[in-house]
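Peer 1: Got a sequence here, can you model it:
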Amino acid sequence: MEQDDPAEALTELRERRLGALELLQAAAGSGLAAYAVWALLLQPGFRRVPLRLQVPYVGASARQVEHVLSLLRGRPGKTVDLGSGDGRIVLAAHRCGLRPAVGYELNPWLVALARLHAWRAGCAGSVCYRRKDLWKVSLRDCRNVSVFLAPSVVGSGLPALLGSPSHTPGCLL
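Peer 2: Okay, the predicted model is just below:
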(Lines give C-alpha, C1' and ligand atoms only; values in the text may rest on other atoms or scores of the structure.)
Protein backbone atom coordinates (compact mmCIF):
# COMPACT_ATOMS: atom_id res chain seq x y z
CA MET A 1 0.00 0.00 0.00
CA GLU A 2 1.37 3.35 -1.02
CA GLN A 3 1.56 6.16 1.54
CA ASP A 4 0.06 9.44 0.40
CA ASP A 5 1.41 12.84 1.07
CA PRO A 6 -0.78 14.51 3.75
CA ALA A 7 -1.33 17.53 1.52
CA GLU A 8 -2.57 15.27 -1.30
CA ALA A 9 -4.92 13.41 1.05
CA LEU A 10 -6.34 16.69 2.34
CA THR A 11 -6.87 17.98 -1.19
CA GLU A 12 -8.62 14.73 -2.12
CA LEU A 13 -10.95 15.01 0.90
CA ARG A 14 -11.82 18.62 0.06
CA GLU A 15 -12.72 17.76 -3.51
CA ARG A 16 -14.85 14.77 -2.60
CA ARG A 17 -18.60 15.39 -2.29
CA LEU A 18 -20.58 13.83 0.52
CA GLY A 19 -23.09 11.22 -0.50
CA ALA A 20 -26.40 10.42 1.14
CA LEU A 21 -24.83 7.80 3.40
CA GLU A 22 -22.18 10.20 4.69
CA LEU A 23 -24.81 12.88 5.34
CA LEU A 24 -26.95 10.34 7.19
CA GLN A 25 -23.96 9.30 9.29
CA ALA A 26 -23.15 12.93 10.15
CA ALA A 27 -26.77 13.60 11.14
CA ALA A 28 -26.95 10.43 13.25
CA GLY A 29 -23.64 11.27 14.93
CA SER A 30 -24.82 14.81 15.74
CA GLY A 31 -28.09 13.48 17.14
CA LEU A 32 -26.25 10.93 19.26
CA ALA A 33 -23.93 13.63 20.61
CA ALA A 34 -26.90 15.87 21.50
CA TYR A 35 -28.63 12.97 23.26
CA ALA A 36 -25.46 12.17 25.22
CA VAL A 37 -25.22 15.76 26.46
CA TRP A 38 -28.89 15.74 27.45
CA ALA A 39 -28.62 12.36 29.17
CA LEU A 40 -25.51 13.31 31.15
CA LEU A 41 -26.29 16.91 32.08
CA LEU A 42 -30.03 17.43 32.14
CA GLN A 43 -31.79 14.11 32.66
CA PRO A 44 -30.36 13.19 36.11
CA GLY A 45 -32.34 16.00 37.71
CA PHE A 46 -35.58 14.82 36.10
CA ARG A 47 -35.52 11.13 36.94
CA ARG A 48 -37.27 11.35 40.31
CA VAL A 49 -39.44 14.38 39.64
CA PRO A 50 -43.02 14.15 38.33
CA LEU A 51 -43.39 15.39 34.76
CA ARG A 52 -45.49 18.44 35.69
CA LEU A 53 -42.79 19.63 38.12
CA GLN A 54 -39.80 19.25 35.82
CA VAL A 55 -37.99 22.49 35.12
CA PRO A 56 -34.94 22.59 32.84
CA TYR A 57 -31.77 24.29 34.05
CA VAL A 58 -31.42 27.88 32.95
CA GLY A 59 -28.63 29.80 34.63
CA ALA A 60 -29.54 33.00 36.45
CA SER A 61 -28.48 36.14 34.62
CA ALA A 62 -26.35 38.76 36.34
CA ARG A 63 -29.45 40.97 36.52
CA GLN A 64 -31.45 38.24 38.27
CA VAL A 65 -28.65 37.64 40.76
CA GLU A 66 -28.51 41.36 41.53
CA HIS A 67 -32.29 41.46 41.98
CA VAL A 68 -32.19 38.58 44.48
CA LEU A 69 -29.33 40.24 46.35
CA SER A 70 -31.26 43.52 46.52
CA LEU A 71 -34.18 41.65 48.12
CA LEU A 72 -31.83 39.96 50.60
CA ARG A 73 -29.88 43.11 51.51
CA GLY A 74 -30.04 43.79 55.24
CA ARG A 75 -31.56 40.40 56.06
CA PRO A 76 -29.23 38.35 58.27
CA GLY A 77 -29.48 34.63 58.73
CA LYS A 78 -29.20 31.40 56.82
CA THR A 79 -29.78 31.77 53.08
CA VAL A 80 -30.94 28.87 50.94
CA ASP A 81 -31.28 28.66 47.18
CA LEU A 82 -33.63 25.87 46.08
CA GLY A 83 -32.72 24.49 42.68
CA SER A 84 -29.38 26.29 42.86
CA GLY A 85 -28.11 25.07 39.47
CA ASP A 86 -24.53 26.24 39.03
CA GLY A 87 -24.57 28.05 42.39
CA ARG A 88 -24.43 31.69 41.27
CA ILE A 89 -26.92 32.99 43.82
CA VAL A 90 -25.41 31.04 46.72
CA LEU A 91 -21.95 32.33 45.89
CA ALA A 92 -23.17 35.93 45.51
CA ALA A 93 -25.12 35.73 48.79
CA HIS A 94 -22.00 34.49 50.58
CA ARG A 95 -19.94 37.33 49.11
CA CYS A 96 -22.54 39.80 50.45
CA GLY A 97 -22.16 38.41 53.97
CA LEU A 98 -25.22 36.17 54.11
CA ARG A 99 -24.01 33.16 56.05
CA PRO A 100 -24.42 30.30 55.98
CA ALA A 101 -25.31 30.11 52.29
CA VAL A 102 -26.60 26.74 51.08
CA GLY A 103 -27.71 25.54 47.66
CA TYR A 104 -29.90 22.51 46.98
CA GLU A 105 -29.87 20.94 43.53
CA LEU A 106 -31.01 17.56 42.26
CA ASN A 107 -28.73 17.32 39.22
CA PRO A 108 -25.34 15.90 40.31
CA TRP A 109 -23.53 17.53 37.38
CA LEU A 110 -24.77 20.96 38.37
CA VAL A 111 -23.82 20.35 42.02
CA ALA A 112 -20.30 19.49 40.85
CA LEU A 113 -20.21 22.61 38.67
CA ALA A 114 -21.38 24.77 41.59
CA ARG A 115 -18.67 23.31 43.81
CA LEU A 116 -16.10 24.01 41.09
CA HIS A 117 -17.26 27.64 40.87
CA ALA A 118 -17.00 27.97 44.66
CA TRP A 119 -13.51 26.45 44.64
CA ARG A 120 -12.38 28.81 41.86
CA ALA A 121 -13.78 31.76 43.84
CA GLY A 122 -11.91 30.66 46.98
CA CYS A 123 -15.14 29.95 48.87
CA ALA A 124 -15.21 26.13 48.74
CA GLY A 125 -15.10 25.74 52.51
CA SER A 126 -17.56 28.54 53.18
CA VAL A 127 -20.56 27.70 50.98
CA CYS A 128 -22.40 24.42 50.83
CA TYR A 129 -24.05 22.70 47.87
CA ARG A 130 -26.14 19.61 48.51
CA ARG A 131 -27.69 17.15 46.09
CA LYS A 132 -31.24 16.97 47.35
CA ASP A 133 -34.78 17.23 46.03
CA LEU A 134 -36.03 20.74 46.83
CA TRP A 135 -39.45 19.31 47.74
CA LYS A 136 -37.85 17.33 50.58
CA VAL A 137 -35.63 20.02 52.12
CA SER A 138 -36.42 21.20 55.65
CA LEU A 139 -36.45 24.98 55.78
CA ARG A 140 -37.39 25.42 59.43
CA ASP A 141 -34.13 27.19 60.35
CA CYS A 142 -33.90 29.33 57.20
CA ARG A 143 -34.34 33.08 57.24
CA ASN A 144 -33.99 33.67 53.49
CA VAL A 145 -35.10 31.36 50.69
CA SER A 146 -34.53 31.96 47.00
CA VAL A 147 -36.21 29.86 44.33
CA PHE A 148 -36.88 30.37 40.62
CA LEU A 149 -39.81 28.33 39.40
CA ALA A 150 -41.57 27.74 36.12
CA PRO A 151 -45.22 28.82 36.02
CA SER A 152 -46.27 25.15 35.94
CA VAL A 153 -44.65 24.58 39.35
CA VAL A 154 -45.96 27.64 41.18
CA GLY A 155 -48.89 26.55 43.33
CA SER A 156 -47.86 22.88 43.28
CA GLY A 157 -47.04 22.56 46.95
CA LEU A 158 -44.46 25.28 47.51
CA PRO A 159 -46.43 26.98 50.32
CA ALA A 160 -46.54 23.65 52.17
CA LEU A 161 -42.81 23.24 51.60
CA LEU A 162 -42.04 26.66 53.02
CA GLY A 163 -44.42 26.34 55.95
CA SER A 164 -46.31 29.25 57.37
CA PRO A 165 -44.82 32.75 56.99
CA SER A 166 -44.18 32.86 60.74
CA HIS A 167 -41.70 29.99 60.38
CA THR A 168 -39.81 31.36 57.41
CA PRO A 169 -39.75 35.14 57.32
CA GLY A 170 -38.08 36.55 54.24
CA CYS A 171 -39.08 33.88 51.77
CA LEU A 172 -38.54 35.02 48.23
CA LEU A 173 -40.99 33.68 45.69
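Peer 1: contact partners of stretch 104-121?
Peer 2: 40-42, 44-45, 48-49, 57, 80-88, 90-91, 95, 103, 124, 126-127, 129-134, 137 (C-beta atoms under 8 Å, 6 or more residues apart in numbering). Yep, even glycine has a C-beta here, placed from its N, CA and C like the rest.
Peer 1: so Leu69 sits right up against Val90, yeah?
Peer 2: No - look at Leu69 against Val90 with C-beta atoms under 8 Å: they stay out of range, at 11.4 Å.
Peer 1: Name the residue in the two with the higher neighbour count.
Peer 2: Val90 (29 against 16; other C-beta atoms under 10 Å).
Peer 1: Once you drop chain neighbours, what's closest to the more buried one?
Peer 2: Spatial nearest neighbour of Val90, excluding adjacent residues (C-beta to C-beta, 6 or more residues apart in numbering): Gly103 at 4.0 Å.
Peer 1: burial measure for that neighbour, as a count.
Peer 2: Neighbours around Gly103, by other C-beta under 10 Å: 31.
Peer 1: ditto for Leu32
Peer 2: With other C-beta under 10 Å as criterion, Leu32 counts 10.
Peer 1: Three-state assignment for it, please.
Peer 2: helix (DSSP: H, G, I helix; E, B strand; the rest coil).
Peer 1: Next one: Asp86 from Leu116, what distance?
Peer 2: 9 Å (C-beta to C-beta, to the nearest Å).
Peer 1: quick one: which of those two has more around it?
Peer 2: Neighbours were counted for Asp86 and for Leu116 using other C-beta under 10 Å; Asp86 has more, 23 against 13.
Peer 1: give the contact list for the residue nearest the centre of the chain.
Peer 2: When C-alpha atoms, centre = their mean is applied to the chain, the residue found nearest the centroid is Gly85 (2.5 Å). When contacts are counted by C-beta under 8 Å, 6+ apart, Gly85 touches 57-60, 105, 107, 110, 114.
Peer 1: hmm, try it at 6 Å
Peer 2: 57, 59, 110 (C-beta atoms under 6 Å, 6 or more residues apart in numbering).
Peer 1: Before I go, just wanted to say thanks for your time.
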